[in-house]
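Participant: here is a sequence with its predicted model. Questions after.
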Amino acid sequence: MYRDGEVCIRPMEQQDMYRLWEIGYQEAAPEWKKWDAPYYEHIPLTYEQFCAGEQEMLLQRPDRWGIKVSGELVGMISYYWEHEASLWLEMGIVIFVPSYWSGGYGTRAIRMWMNHLFTTMPLVRVGYTTWSGNERMIGVGYKLGMTMEARLRKVRLYNGVYYDSIRMGILREEWESHTGSPHQEVEQVRSVPE
């Protein structure tokens, strides 16, 4: 678990499942989906369907953690391997609750996640892919010292408009140079009551 003020990231627990379903999977057209890869179909699930299909993919996994603000689950942060043999890892984030957008919570969560990834794995680079319609996500990358490594023009079709696919990334030495050290600004917490 890591904490930066009122923002905390930690592995998902059984007690998170209902809240996660409620904010992320219950609605047919949730507001968050307009920004998080809206060119992919979102299918709402009943709570029973969610538990049957998602529970094992979310609980106690090193690659998917919850984001809490003042004790309330508001989102999720993750990583996946593009190519594990060469340690090529990509990360993702979604803040499901719109009232927590544009308040710096996502930036703080990604900063802690990057710190976690760089300090627990022998990674050379960490990055993520977004789309040109999500300017806030591109801005987060720049705030964290990332570079726009690729821009694939007009490859994402959404509502009849073509958008670019954007790949942001940062190398370990750039991260350490940007933060001063891989541990700055992040508190690792063993166990704290929420």
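Facilitator: Noted; the coordinates are in hand. Numbering: from 1, shown residues only.
Participant: where does the prediction get shaky in this protein?
Facilitator: 55-56, 180-194 (pLDDT under 70).
Participant: show me where it has its strands.
Facilitator: 2-4, 7-11, 64-69, 72-83, 88-95, 125-131, 147-158, 161-171, 187-188 (DSSP state E).
Participant: which one, of these, ends up nearest to residue 22?
Facilitator: strand 72-83 (9.2 Å; C-beta to C-beta). Where you see a C-beta, it was placed from the backbone N, CA and C, and this is true even at glycine.
Participant: list the buried residues of that closest one.
Facilitator: The neighbour-count check on strand 72-83 (16 or more other C-beta atoms under 10 Å) flags 73, 74, 75, 76, 77, 78, 79 as buried.
Participant: residue 24: neighbour count?
Facilitator: Residue 24 has 23 neighbours, counted by other C-beta atoms under 10 Å.
Participant: quick one: contacts for it?
Facilitator: 30, 32, 76, 94, 96 (C-beta atoms under 8 Å, 6 or more residues apart in numbering).
Participant: for these, give me JSON lines that also has distance to residue 46.
Facilitator: Formatted as JSON lines, the contacts of residue 24 follow (distance: C-beta to C-beta, whole Å):
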{"residue": "30", "distance to residue 46": "15"}
{"residue": "32", "distance to residue 46": "19"}
{"residue": "76", "distance to residue 46": "20"}
{"residue": "94", "distance to residue 46": "20"}
{"residue": "96", "distance to residue 46": "17"}
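Participant: okay, the angle between the lengthiest helix in the chain and strand 88-95?
Facilitator: Longest helix of the chain, by residue count under DSSP state H: helix 105-120. Helix 105-120 and strand 88-95 are oriented at 150 degrees to each other (axes from the mean of the first three to the mean of the last three C-alpha atoms, to 10 degrees).
Participant: now do the residue most central in space within the chain against residue 168, distance only.
Facilitator: The centroid of the chain falls nearest to residue 93 when counting by C-alpha atoms, centre = their mean (1.6 Å). Applying C-beta to C-beta, to the nearest Å, the value for residue 93 to residue 168 is 12 Å.
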